[in-house]
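Participant: Whatever this is, show me its structure:
(chains A, B, C and D)
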Number of protein chains: 2
Amino acid sequence: MDNKAFFEKLTGFVASVDRLRHELDKQSRPGDVTPIQYGILQHLALEQPLTLSEISDCFGMPLSNASREVRKLTEKGLCEKRDDEEDRRRQIIRLTAKGAQAMGEAFGQMEARIADRLEAESEAEREELYRAMELLHRKVFS
Amino acid sequence: MDNKAFFEKLTGFVASVDRLRHELDKQSRPGDVTPIQYGILQHLALEQPLTLSEISDCFGMPLSNASREVRKLTEKGLCEKRDDEEDRRRQIIRLTAKGAQAMGEAFGQMEARIADRLEAESEAEREELYRAMELLHRKVFS
DNA sequence: CCATTTTGTTGTCAAATGATAATTGAATGC
DNA sequence: GCATTCAATTATCATTTGACAACAAAATGG
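Facilitator: As a prediction, the model looks like this:
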């Protein structure tokens, strides 16, 4: 298989992933949270706590903008900042109980949609899909 | 495997795909094209021609905005509109030679980066990755 | 100690995006 | 023929995002 064929498959695949993400986000994102803010909340829901620098790196966003978005989220009561005891320059970001609940609901909705989509698949097929994601994640999407 | 475990894997996977896409786009996107416009160009590079409605559907964008973005692309000489002969309400969108060349270069850059990333993989492994994408595309990311 | 680096904050600005309404011309269904 | 639907255009507006500059406080490395 040449690079070109592989790359074309990859391009189409990435586009399809993007579409599903867009669709799921659209349905599950709370109305008072912007898309980028929702991305930050999702990241926090999967991995806590995070520092501002980590958020800024992960989203390829200048630190100044990460700070702004996180401030807006804290103003909405969805996450909170705390000084790092070890390095007091750092801010440690966590979801609040309210934020965790909001993300729990959002993820629940998404989970239900994914479950619908996989209804027809057998247990063995699900495991195959799981392994496919794991493989691609490890080898392509580092 | 329960829904939750599968869903968590999916969420992490989608985030990683998004990060790679973001990184590749950042490096390959021409400076005079906005991110959304670049998405439209990529779509056209993979599938031509498209109508405005198809573009608007695919990106979940109101038709009015799709029209605006495509107009900007035509003003930049990267794509062109033509009346559909069969249904004269429709506009058929294609890349111009200039647009095709620009996307050829952009895709070439991305392809090279992907090739770097897969350098270590054997032919058999590449084929496995290819099949994994195909499987996930078909069964999950419809 | 002192210069430098790291981490974050605040403010500002232009550009990109999302959303809506009003309008046109072409097709479709009866 | 006529109402309705469809595809697209244009205009407008608020919001979101990206980018940059100036600043402050804490850590680091001599």
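
Participant: in chain A, which helix has the most residues?
Facilitator: Ranked by residue count, the top helix of chain A under DSSP state H comes out as helix A:3-28.

Participant: Tell me the buried residues in stretch A:86-95?
Facilitator: Buried residues in stretch A:86-95, defined by neighbour count with 16 or more other CB atoms under 10 Å in any protein chain shown: A:90-93, A:95. Just so you know, the C-beta spots here come from the backbone N, C-alpha and C atoms, and that holds for glycine as well.

Participant: actually stretch A:11-27, not the one I typed
Facilitator: A:11-18, A:20-21, A:24-25.

Participant: Can you name the residues in contact with it?
Facilitator: Around stretch A:11-27, the neighbours that count as contacts under CB atoms under 8 Å, 6 or more residues apart in numbering or on different chains are A:35, A:38, A:109-110, A:113-114, B:14, B:17-18, B:20-21, B:42-43, B:46, B:58-60, B:107, B:110, B:133, B:136-137, B:140-142.

Participant: Check stretch A:107-124 too.
Facilitator: Among residues not part of stretch A:107-124, those counted as contacts by CB under 8 Å, 6+ apart are A:24, A:27-28, A:45, A:126, A:129, B:1, B:3-4, B:6-7, B:10-11, B:139-140, B:142.

Participant: most neighbours, which of those?
Facilitator: With neighbours defined as other CB atoms under 10 Å in any protein chain shown, the most crowded of the contacts of stretch A:107-124 is B:Leu10; it has 24 neighbours.

Participant: hang on, isn't that one packed against A:Met133?
Facilitator: Yes - taking CB atoms under 8 Å as the definition, B:Leu10 is a contact partner of A:Met133 at 6.7 Å.

Participant: Overlap in contacts, the two.
Facilitator: By the contact definition CB under 8 Å, 6+ apart, B:Leu10 and A:Met133 are jointly contacted by no residue.

Participant: Tell me who's in contact with A:Lys4.
Facilitator: A:Lys4 touches B:Glu111, counting by CB under 8 Å, 6+ apart.

Participant: Check the gap between it and B:Tyr130 for me.
Facilitator: A:Lys4 sits 12 Å away from B:Tyr130, going by CB to CB, to the nearest Å.

Participant: what's the answer for A:Leu129, then?
Facilitator: Taking CB to CB, one finds A:Leu129 at 16 Å from B:Tyr130.

Participant: do A:Ala15 as well
Facilitator: Applying CB to CB, the value for A:Ala15 to B:Tyr130 is 16 Å.

Participant: tell me the contacts of A:Val70?
Facilitator: When the contact criterion is CB under 8 Å, 6+ apart, the partners of A:Val70 are A:40, A:52, A:55, A:79, A:81, A:93.

Participant: And the fourth one, how far from B:Arg19?
Facilitator: For A:Cys79, the distance to B:Arg19 under the criterion CB to CB works out to 21 Å.

Participant: how far is stretch A:55-71 from where the chain is centred?
Facilitator: Relative to the mean C-alpha coordinate of its chain, stretch A:55-71 is positioned 14 Å out (CA atoms, centre = their mean, to the nearest Å).

Participant: same check, this time on stretch A:99-117
Facilitator: 12 Å.

Participant: Return the alpha-carbon coordinates of that stretch using PDB.
Facilitator: Taking Å, rounded to 0.1, in the frame of the first residue of the first chain, the C-alpha atoms of stretch A:99-117 are listed here in PDB:
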ATOM      1  CA  GLY A  99     -19.600  21.000  36.400                       C
ATOM      2  CA  ALA A 100     -19.200  17.300  37.000                       C
ATOM      3  CA  GLN A 101     -22.900  16.800  37.000                       C
ATOM      4  CA  ALA A 102     -23.300  18.800  33.800                       C
ATOM      5  CA  MET A 103     -20.700  16.700  32.100                       C
ATOM      6  CA  GLY A 104     -22.200  13.500  33.500                       C
ATOM      7  CA  GLU A 105     -25.400  14.400  31.800                       C
ATOM      8  CA  ALA A 106     -23.800  15.500  28.600                       C
ATOM      9  CA  PHE A 107     -21.700  12.300  28.400                       C
ATOM     10  CA  GLY A 108     -24.800  10.300  29.300                       C
ATOM     11  CA  GLN A 109     -26.600  11.700  26.300                       C
ATOM     12  CA  MET A 110     -23.700  11.000  24.000                       C
ATOM     13  CA  GLU A 111     -23.300   7.500  25.400                       C
ATOM     14  CA  ALA A 112     -26.900   6.800  24.600                       C
ATOM     15  CA  ARG A 113     -26.500   7.900  21.000                       C
ATOM     16  CA  ILE A 114     -23.400   5.800  20.600                       C
ATOM     17  CA  ALA A 115     -25.200   2.800  22.200                       C
ATOM     18  CA  ASP A 116     -28.000   3.300  19.600                       C
ATOM     19  CA  ARG A 117     -25.500   3.300  16.800                       C
END
